[in-house]
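[1] build me a model:
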Amino acid sequence: MADGAVITTQDGTVDAGSGNRGLTYPLGTPPEPGAAVQAAPGVLWMRLPLPMSLNHINVYAIEDGDGWVLVDTGLNTQASLEAWEAALAGPLGGRPITRVICTHMHPDHVGMAGWLCARTGAPLLMSRLEYITCRMLLADTGQPAPEEGVRFLRAAGWDEDRIETYRREFGRFGRGVSSMPQSYRRLSEGDDVAIGDDVWRVVIGNGHCPEHVCLWRRSDGVFISGDQILPRISSNVSVWPTEPLQDPLADWLTSLDKLRDLLPAQTLILPAHGEPFTGVHTRLDALKRGHETGLRRLERSLRTPKRAIDVFSSLFARPIGDGVFGMATGESLAHLNCLENRGLIRRDRDADGVDWWVAVNPQPLEAPETDA
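    You can find the predicted model right below:
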């Protein structure tokens, strides 16, 4: 986890400590719900409240002739609905909504998409994997927890009480998502999306979610990053029961390199959380450095066998409570799978179905590393 991060939220993000050094924030005070700040020519920055420790999501409106294209939608709550009604009548001036774009399928991004599309008549645009994954998770609503999920969590070291909580809470994804449109328009890597008099290039990121859409207006260097680049927190990168051998951290690190090579240093980043900023190369370098530091620290800790739930202290700077135990488990497994794929550790499953991880060639103990 980047920069000695600590999971603190329920939306797939983690507190990333001091990894925002060297960034600048040119836009000043964030807008209140229902209000807007001009982030760039033809682009409005708005905020919606979230009922969690990460208390906001940024959404954007891009001028599209006589109307607006909306990017991300917020969680499906009464507070989001009221903020959208105020924004539609206020800073958006009652003008038509021509398209709704969701960067990815997490509920704080897609939660109000169905309501907005129904309210305005606008079509939904997403990448294929994000749309399909969202529909798949919504289909879990009201269904019993699968035994594959139980085995996955038992292998990670969960006790029966935590597994029972998983059974009880399974399918809660749908609580924060309004009924999704039954069709969508696909966005793919390299697509050029004409909005108003300009063109936005689709840039796909991976690791935090299957096929994350970012939008890049190359004419003036504006980049709507969603959760792919955040200034003060690092997106959660986790392994989940549906794909237990996945290596999302390798995907994430590859995406960081891709964005580092692609984006000019002066690019204005419009993120989903935190404030718009410049200094993208500094931020991407810090994110990658933090994850690599965590991987080295984790490998050293595996001189003796440990379960996934035993390695939290190697990755997270603060104790992990019940509310984020699942995300901490997923993030730990992402790091463990990455080290296993690099040939540095192995897992052994015992008779109770629990995986024990150990270094292949244990490294000598050294002074603790820092992210400075």
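[2] show me where the stretch 101-250 of the chain dips below the pLDDT cut-off.
    For the stretch 101-250 of the chain, applying pLDDT under 70 flags no range at all.
[3] how about the helices in it?
    Counting by DSSP state H, counting those that start in this stretch, residue ranges of the helices within the stretch 101-250 of the chain are 107-110, 113-120, 128-138, 147-156, 160-169, 248-262.
[4] reformat these as a markdown table; add distance to H273.
    C-beta coordinates here come from the backbone N, C-alpha and C atoms, glycine included. As requested, these are arranged in a markdown table below (distance: least, Cβ to Cβ, whole Å):
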| stretch | distance to H273 |
| --- | --- |
| helix 107-110 | 9 |
| helix 113-120 | 18 |
| helix 128-138 | 18 |
| helix 147-156 | 27 |
| helix 160-169 | 24 |
| helix 248-262 | 17 |
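[5] dump those to TSV, plus mean neighbour count and distance to S234.
    Putting those into TSV (neighbours: other Cβ atoms under 10 Å; distance: least, Cβ to Cβ, whole Å) gives the following:
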stretch	mean neighbour count	distance to S234
helix 107-110	29	16
helix 113-120	20	25
helix 128-138	18	20
helix 147-156	18	21
helix 160-169	13	25
helix 248-262	18	9
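[6] who wins for proximity to V193 among those?
    helix 128-138 (15.4 Å; Cβ to Cβ).
[7] separation between G290 and G330?
    When distances are taken as Cβ to Cβ, to the nearest Å, G290 and G330 turn out to be 17 Å apart.
[8] just to revisit the earlier point, can you tell me which of the helices of the stretch 101-250 of the chain is nearest to G353?
    Scanning the helices of the stretch 101-250 of the chain with Cβ to Cβ as the criterion, the closest one proves to be helix 147-156, at 5.1 Å.
[9] what's in contact with the closest one?
    Applying Cβ atoms under 8 Å, 6 or more residues apart in numbering, the external contacts of helix 147-156 come out as 162-163, 166-167, 170, 241-242, 244, 307-309, 329, 332-333, 349, 352-355.
[10] just the buried residues of these.
    Buried subset of those (neighbour count, 16 or more other Cβ atoms under 10 Å): 162-163, 166, 170, 241, 244, 307-309, 329, 332-333, 354-355.
[11] in strands only, show me those.
    In strands, judged by DSSP state E, the following of those are found: D355.
[12] nearest to N55 among the buried ones among the contacts of helix 147-156?
    Closest to N55 out of the buried ones among the contacts of helix 147-156 is T329 (24.3 Å), distances taken as Cβ to Cβ.
[13] assess the claim that that closest one and W158 are in contact.
    Yes: if you go by Cβ atoms under 8 Å, T329 and W158 touch, sitting 7.3 Å apart.
[14] out of the helices of the stretch 101-250 of the chain, the one nearest G294 is which?
    Proximity of these to G294 was assessed by Cβ to Cβ; the nearest stretch is helix 248-262, lying at 9.3 Å.
[15] which residues touch whichever helix or strand comes after that closest one?
    Beyond helix 248-262 in the direction of the C-terminus, DSSP states H and E gives the next helix or strand as strand 268-271. By Cβ under 8 Å, 6+ apart, the list of residues contacting strand 268-271 from outside reads 26, 39-40, 43, 45, 58, 60, 221-227, 229-231, 276-278, 280, 283.
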